[in-house]
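Colleague: Fold the following and give me the result.
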Amino acid sequence: KNALIKAGLSENLRRRSKHIVLTNNSLTIHESLSGTGAHLVSIAFVYKIAAEIGSLGDNMAFIRTQIKNDLILRLLCQYKFEANSITAHTRWASVGDINTANCHPHDNTPADTSISKTGIIHVCLNGDIDNYRDLKIEYEANYDKIHPEINSDTKLIPLQIEHYIKQGNTLEEAFKLALNDFEGSHAISMHSDLDP
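Modeller: Model prediction:
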């Protein structure tokens, strides 16, 4: 934290980590204790673009530039870390509007910030969840409305996983249970600080 302040990046960090919807340059920070009682800090960096038309490779070039120029990422890469995971995916939702909010990844952040989440869960989807409307109705009846900017079926994946974690399941069990809820053809990528 002191290094960020010294580098003049604390306001940048605050601004980027205050989000309900993952957008380009979002940061998600989660603090927890390890099984040994050590204080852990997890940080997820998200880079997104919603460009429907353009030259082949434009989306990846944009994302590479975002990563290369991210001063917070560059600073934090100088420190030793326990684990890391990276997901690169340039797909926007085939279900929902073509906008940054619907671009992958999606996370388990609820629209209501008073609802706690268990950790960071990010997912990408290739395919469609045919019964997502029914799952959305069920989720919103039990928890919270999904943010109105997001109308993608992909958002239901981390929320379903979170639902099963809150029932006492491990991340792996929660993923399997959520997967059983989804109808359609799909491949899902997930990463989480709950099991790095």
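Colleague: so what's Gly96 up against?
Modeller: Gly96 is in contact with 102, 150-153, counting by C-beta atoms under 8 Å, 6 or more residues apart in numbering. For every residue, glycine as well, the C-beta is placed using N, CA and C.
Colleague: at 6 Å what do you get?
Modeller: 102, 151-152 (C-beta atoms under 6 Å, 6 or more residues apart in numbering).
Colleague: ditto for Asp195
Modeller: Leu171.
Colleague: what about it, distance to His89?
Modeller: Separation of Asp195 from His89 (C-beta to C-beta, to the nearest Å) stands at 20 Å.
Colleague: Please, where are all the strands along the protein?
Modeller: Along the chain, the segments classed as strands by DSSP state E run 26-33, 39-46, 106-107, 121-127, 186-192.
Colleague: For Asp153, see how far away Arg16 is.
Modeller: From Arg16 over to Asp153 (counting by C-beta to C-beta), the distance is 26 Å.
Colleague: Looking at these two, which is more packed in?
Modeller: Asp153 (25 against 20; other C-beta atoms under 10 Å).
Colleague: buried residues in stretch 174-186?
Modeller: 174-175, 177-178, 181-182, 186 (16 or more other C-beta atoms under 10 Å).
Colleague: So which of these is the closest to Leu135?
Modeller: Asp181 (6.3 Å; C-beta to C-beta).
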